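Asks: This is the structure alone, sequence omitted:
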C-alpha cells in the first residue's frame with residue numbers, strides 16, 4: 001500500500017481509471033459518497049470496473065445495514081478481496097469476515113474504543129480513523145476549531161481518537177491510515193497535516209480529490225538531505241559495531257537507527 005489512497009464514488013465509474021492512474025490505491029466508495037437510490041448501480045459499476053485488485057479497496061456500508069449485506073454479496077462475485085468496513089465497531093461481525101482482507105474504518109466512539117481488539121485480528125491489515133463521523137457519534141457538530149489562532153486544527157477529542165487509533169495499530173503491527181482532509185482547496189493545510197501524519201507514524205493518508213495526491217506523496221518522500229543523513233548514520237552504526245555511538249556530535253542508539261531505516265524505506269516508495 002502506497003502513501004496516497006484516493007476515494008472514488010461508486011456511482012461515478014468514469015473516475016475509476018483516473019483515480020487508479022493518479023494514486024497508489026483506489027477506494028471505490030459504496031457508502032457515504034453514494035446516495036441510497038444509486039447504491040445498486042454503484043455495486044454494478046464496481047463489478048465492471050476492471051481495476052487491479054492488488055491496488056483497489058472497496059468501502060462497504062456499515063455492517064448493521066442491508067446495504068452492507070448486498071455489498072458483500074456483490075464483492076463475492078468480484079476479484080476484489082480487500083474491503084474497508086465503514087463505521088467499524090462490531091467485533092463479532094468483523095471477526096466473521098475472514099474471506100477478506102479488512103481495513104477497519106473506526107469513525108465512531110465505539111469504533112475507536114474497539115480499535116485495539118480489531119487490530120489484533122489476523123485478517124485486519126490496516127486501521128483508519130474518520131473525524132466527522134466520530135464527532136457526530138458524540139453529538140458534536142465539527143471536528144475542527146472554527147475560530148481563534150488554531151482555527152482549522154482538530155479539536156482535542158479528534159486528536160485523542162487519532163492518537164488512540166495509531167497506537168492500537170502500532171501495538172498490533174498493523175498499518176494506520178490518516179483521515180481525509182476535507183477542504184480539498186486548502187493544499188497548504190493538507191501539507192501540514194500530511195507532514196504530521198508521516199512524522200507520527202501513519203503509513204498512508206486518504207484523499208478525496210486528485211489534487212491532494214501529490215501533496216501527500218511529497219510529504220512521504222524524504223528530502224535528499226534526509227536520505228543522505230540516514231545512509232551516513234547507518235553506515236556509521238555498522239562501522240561502530242556498538243549499541244550506542246557518537247555521530248556528528250550527537251549520541252545515536254537503536255531508536256535513531258529505526259528512524260533512519262524508515263527514511264530509506266519511504267525513499268523507495
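Replies: Looks like it came in fine. Note that the structure is predicted; figures quoted are calculated from it, not measured. Residues are numbered from 1 along each chain as shown.

Asks: Would you map the helices across the stretch 151-269 of the chain?
Replies: 156-171, 187-200, 210-220, 224-240, 254-267 (DSSP state H, counting those that start in this stretch).

Asks: Give the other helices and strands that the first one contacts.
Replies: Using 3 or more C-beta pairs under 8 Å, 6 or more residues apart in numbering; DSSP states H and E, the elements in contact with helix 156-171 are helix 109-119, strand 124-129, helix 131-137, strand 175-178. Every residue, glycine included, has its C-beta placed from N, CA and C.

Asks: circling back: in CSV, list the helices of the stretch 151-269 of the chain along with distance to residue 53, mean neighbour count and mean pLDDT.
Replies: As requested, these are arranged in CSV below (distance: least, C-beta to C-beta, whole Å; neighbours: other C-beta atoms under 10 Å; pLDDT from 0 to 100):
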stretch, distance to residue 53, mean neighbour count, mean pLDDT
helix 156-171, 23, 19, 98
helix 187-200, 26, 17, 97
helix 210-220, 20, 19, 97
helix 224-240, 32, 14, 89
helix 254-267, 24, 14, 88
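
Asks: How many residues are close by residue 243?
Replies: 10 (other C-beta atoms under 10 Å).

Asks: wait, doesn't it sit right on residue 255?
Replies: No: when contacts are counted by C-beta atoms under 8 Å, residue 243 is not listed as touching residue 255 (11.3 Å).

Asks: Give me the phi and psi for the closest residue in space to residue 56 that isn't next to it in sequence.
Replies: Closest residue in space to residue 56, ignoring its immediate chain neighbours: residue 26 at 5.1 Å, by C-beta to C-beta, 6 or more residues apart in numbering. Reported as degrees, to the nearest 10, the phi and psi values for residue 26 are phi -100, psi 140.

Asks: Also residue 70?
Replies: Note on residue 70: backbone dihedrals following degrees, to the nearest 10 are phi -70, psi -40.

Asks: returning to what we had before: let's see the pLDDT reported for the residue nearest to residue 56.
Replies: pLDDT recorded at residue 26 is 98.

Asks: ok, how many other residues are close to it?
Replies: By the criterion of other C-beta under 10 Å, residue 26 has 25 neighbours.

Asks: do you know how far residue 247 is from residue 31?
Replies: Distance of residue 247 to residue 31, computed by C-beta to C-beta, to the nearest Å: 49 Å.

Asks: picking that back up, looking at the helices of the stretch 151-269 of the chain, which is closest to residue 75?
Replies: Smallest distance to residue 75 across these (C-beta to C-beta): 23.6 Å, for helix 156-171.

Asks: I'd assumed residue 30 was in contact with residue 61.
Replies: Yes: Residue 61 is within contact range of residue 30, at 6.3 Å (criterion: C-beta under 8 Å).

Asks: shared neighbours of those two, anything?
Replies: Common neighbours of residue 61 and residue 30 (criterion: C-beta atoms under 8 Å, 6 or more residues apart in numbering): 39, 67, 71.
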